[in-house]
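Trainee: sharing a model that was predicted from the sequence below.
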Amino acid sequence: MLNLDDLHVALDAEAGLVRALDGLSLSLQRGETFALVGESGCGKSMTALALMRLLPDNGRVLAGRIDLGAEVPDAKPTELLRLPEVDMRRVRGGHIGIIFQEPATSLNPVMRVGDQIVEAIEAHTSLRGGAARNKAIDWLRRVGIPEPERRIDSYPFEMSGGQKQRVMIAMTLAAEPDYLIADEPTTALDVTIQKQVLDLLKALQQERQLGLLLITHDLAVVADMAHRVALMYAGQIVEEADADVFFKAPRHPYARMLLQALPDTERRGKPLVSISGTVPPLWQKFEGCRFAPRCDRAQTTCRIADIPLAEQGGQKVRCLHPIDPDAADSNVPPGGAVLSSDQPVQVALPVASELVLDVQQLGVSFSKGAGLFAAPKVVQAVSGVSFQVRRGETLALVGESGCGKTTSGRAIVQLLRGQSHIQVSGQAWLCHGGVREDLFALQGEKLRLARRAIQMVFQDPFASLNPRMRVIDVLQEGMLTLRPEWNGEERLAKVRSLVEQVGLRSDALSRFPHEFSGGQRQRLAIARALAVEPQVLVCDEPTSALDVSVQAQILNLLRELQSALGLGLLFITHNMGVVGYLADRVAVMQQGRIVEEGSCEQVLSQPAHTYTRTLLAAVPKRPV
């Protein structure tokens, strides 16, 4: 057994001492999957780093124990925090392996992947030279890398995201550890690649009796993989239970809210439960329940009492007023208020005859590999794509990474112009102000005026917001260019209204993007896109990197704005839960072409194309 007992971890920061872990206790057995879930900033990844003794330079363990059970029965366990570093190196990899969230930054970019796997094998086993290389090839084959004898000499940049993650798994398991820590191993992967990686981990776990600590915020993955679940909040575990019990009858209000924030078809027409506020900063001194400021069941005693993690009905819960799963009003807080998920929302129906975007035979090709004596190679990224978006309607564009979804969106918004190695063909008719114009044919002033009507929300708001500009300047930048007829007072009034409209306080205008959370930055990105009053919004994976609760806030916001403004949404995603909740129609892309299009209900419940059925089969089942 791998056991963490009353672990306290702190980080030195400018704001003060950050208590990243405060009294954390958990145990992991061989052959078991233990899932650690919660929002960003609650301490999940810090738990993994502390366990591996890989804390950053400003981090340290204040108290607690980490014990690694002995291989021989009745022998004394190894206390990892007391081991000399030279002995700890043998534990890392040899007994406890770790798969990090982003394989691209975890693999050495100037080393062939085979050399990196061989390095791990030679460090933790007795194999050397050719025998180690053969074992590396065997592991690449076992994790599903095609042509392992050839790909062993590839560099990381020559592989896709899913293949790099498989290489990380091969490198970790080739050292034959007893326990494996997987830190968000599927966050950035498509559903099909995600299923392959999870199936692989399951098979290897059963074969080798691995103890798997799965760190994730994807509750569907947890429901599919885990035997036990621990929910973290602000550096503490607030609920621990067997996975089936956790999903059927959560006791902590935070657990219930997270489960009710999951989007799906059944919740269409209702706002998702969005948890107000954010995880509190961990440098502050806490009194009482840390979740109380965001809890719908909190009472006076919750804010002053010291609340332990106590056994309640077969579950461990840190709550004075837990939910009684047998009570008829288990979804109603003590004060009698009904949760927002039970309140219907009025959604404007699409106007059937009013087209706002009409894309016909869109094609995008890239030229690459040109040299002194070599002709350029042409890659057809998008071919013959056609679809329409109407006022007040959401069209979801779905498919695996590399199928051309984002390229199509960028081409329509005219972000590929002026690049000599990119050729765009077809038409994108924009219907605004009673005028129908082909965006690809417009030039100069006409194109600038047309840009008012179509805007884009990017996947990574931090990368798309200028870090040196205050929010007020970020929001006014588009107005100055595309709405010059508005004077300073009008712009300022609209900016203040926008900030309020996307659910932020007015003091946000004077702050910089880095001072906001991920969900707040995405709200700012939406506000910036809406600043010039567009008719069409192209949303490129706007919720893919967000926690469940923050995702619910953004989806609620988009529905409200669409209802109020009549926006046409082109929503690019691979999250089928979001598609079922938000989309009116769905277009499925494969290898640059649309292979199926229809109403959301038709495509999700009765898919006609084999590829669509494959995508839907790979989606983890809803856990509640």
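Mentor: Arrived safely.
Trainee: poorly predicted segments of the stretch 1-150 of the chain, please.
Mentor: Low-confidence segments of the stretch 1-150 of the chain, defined by pLDDT under 70, are located at 70-75.
Trainee: okay, now the unreliable bits of the stretch 501-624 of the chain?
Mentor: Within the stretch 501-624 of the chain, the segments meeting pLDDT under 70 span 545, 622-624.
Trainee: keeping just the C-alphas, turn stretch 472-491 into CSV.
Mentor: This file holds the C-alpha atoms of stretch 472-491, laid out as CSV (Å, rounded to 0.1, in the frame of the first residue of the first chain):
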residue,chain,number,x,y,z
ILE,A,472,-10.7,48.4,-20.7
ASP,A,473,-8.2,48.8,-23.5
VAL,A,474,-8.6,45.2,-24.6
LEU,A,475,-12.4,45.7,-25.0
GLN,A,476,-12.1,49.1,-26.7
GLU,A,477,-9.5,48.0,-29.2
GLY,A,478,-12.0,46.3,-31.6
MET,A,479,-14.4,49.3,-31.2
LEU,A,480,-11.7,51.8,-32.2
THR,A,481,-11.0,49.8,-35.4
LEU,A,482,-14.4,48.5,-36.4
ARG,A,483,-16.8,51.0,-34.8
PRO,A,484,-15.1,54.4,-35.3
GLU,A,485,-18.5,56.1,-35.4
TRP,A,486,-18.8,55.6,-31.6
ASN,A,487,-17.3,58.4,-29.5
GLY,A,488,-15.4,57.9,-26.2
GLU,A,489,-18.5,58.2,-24.0
GLU,A,490,-20.4,55.6,-26.0
ARG,A,491,-17.4,53.2,-26.0
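Trainee: for it, buried residues please.
Mentor: For stretch 472-491, the buried set under the neighbour-count rule, 16 or more other CB atoms under 10 Å, comprises 472, 474-476, 478-479, 482-483, 486, 491. For every residue, glycine as well, the C-beta is placed using N, CA and C.
Trainee: nearest to residue 457 among those residues?
Mentor: For the buried residues of stretch 472-491, the closest approach to residue 457 (CB to CB) belongs to residue 478, at 12.6 Å.
Trainee: identify the residues contacting that closest one.
Mentor: Counting by CB atoms under 8 Å, 6 or more residues apart in numbering, residue 478 makes contact with 455, 528, 531-532.
Trainee: and if you look at residue 237?
Mentor: Contacts of residue 237 were listed using CB under 8 Å, 6+ apart, and they are 24-26, 230-231, 309, 316, 318.
Trainee: tell me the pLDDT of residue 476.
Mentor: The predicted local confidence for residue 476 comes out at a pLDDT of 93.
Trainee: for the one 5 residues further on, same thing?
Mentor: Looking at residue 481, its pLDDT stands at 88.
Trainee: strands of the stretch 1-150 of the chain, start to end?
Mentor: For the stretch 1-150 of the chain, the strands defined by DSSP state E, counting those that start in this stretch cover 2-13, 16-28, 33-37, 59-68, 78-79, 96-99.
Trainee: any chance of the ones you listed in a markdown table with mean neighbour count and distance to residue 579 as columns?
Mentor: Putting the strands of the stretch 1-150 of the chain into a markdown table (neighbours: other CB atoms under 10 Å; distance: least, CB to CB, whole Å) gives the following:
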| stretch | mean neighbour count | distance to residue 579 |
| --- | --- | --- |
| strand 2-13 | 18 | 38 |
| strand 16-28 | 20 | 35 |
| strand 33-37 | 25 | 23 |
| strand 59-68 | 16 | 40 |
| strand 78-79 | 14 | 48 |
| strand 96-99 | 24 | 28 |
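Trainee: quick one on the thing from earlier: and which of the contacts of residue 237 is nearest to residue 125?
Mentor: Each of the contacts of residue 237 was scored against residue 125 by CB to CB, and residue 26 proved nearest at 28.8 Å.
Trainee: hmm, that closest one is touching residue 6, no?
Mentor: No. Contact criterion CB atoms under 8 Å: residue 26 and residue 6 do not qualify, at 10.7 Å.
Trainee: stretch 320-327: how far from the chain's middle?
Mentor: Put simply, stretch 320-327 sits 30 Å off its chain's centre (CA atoms, centre = their mean, to the nearest Å).
Trainee: only alpha carbons, please: show that stretch as CSV.
Mentor: Extracted as CSV, the C-alpha positions of stretch 320-327 are listed here (Å, rounded to 0.1, in the frame of the first residue of the first chain):
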residue,chain,number,x,y,z
LEU,A,320,-21.8,19.8,9.1
HIS,A,321,-25.0,19.6,6.9
PRO,A,322,-24.4,16.8,4.4
ILE,A,323,-27.0,15.7,1.9
ASP,A,324,-29.2,12.8,3.0
PRO,A,325,-29.6,10.7,-0.1
ASP,A,326,-32.8,9.1,1.2
ALA,A,327,-34.5,12.4,1.9
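Trainee: in it, what's buried?
Mentor: By neighbour count, and taking 16+ other CB under 10 Å as the criterion, the buried residues in stretch 320-327 are 320-323.
Trainee: for burial, what's the neighbour tally of residue 287?
Mentor: The number of residues packed near residue 287 is 11, by other CB atoms under 10 Å.
Trainee: how close does the residue nearest to it when sequence neighbours are not counted get to residue 288?
Mentor: Counting by CB to CB, 6 or more residues apart in numbering, residue 287 lies nearest to residue 304, which is 6.1 Å off, once chain neighbours are set aside. Here the criterion is CB to CB, to the nearest Å. By it, residue 304 lies 5 Å from residue 288.
Trainee: what does residue 472 give?
Mentor: Distance from residue 472 to residue 288, by CB to CB: 37 Å.
Trainee: just confirm residue 511 contacts residue 470, I think it does.
Mentor: Yes. At 6.6 Å, residue 511 counts as touching residue 470 under the criterion of CB under 8 Å.
Trainee: measure stretch 276-293 end to end?
Mentor: The first and final residues of stretch 276-293 sit 9 Å from each other (CA to CA, to the nearest Å).
Trainee: pull out the buried positions in that stretch.
Mentor: So stretch 276-293, judged by 16+ other CB under 10 Å, has buried residues 278-280, 282, 286, 288-292.
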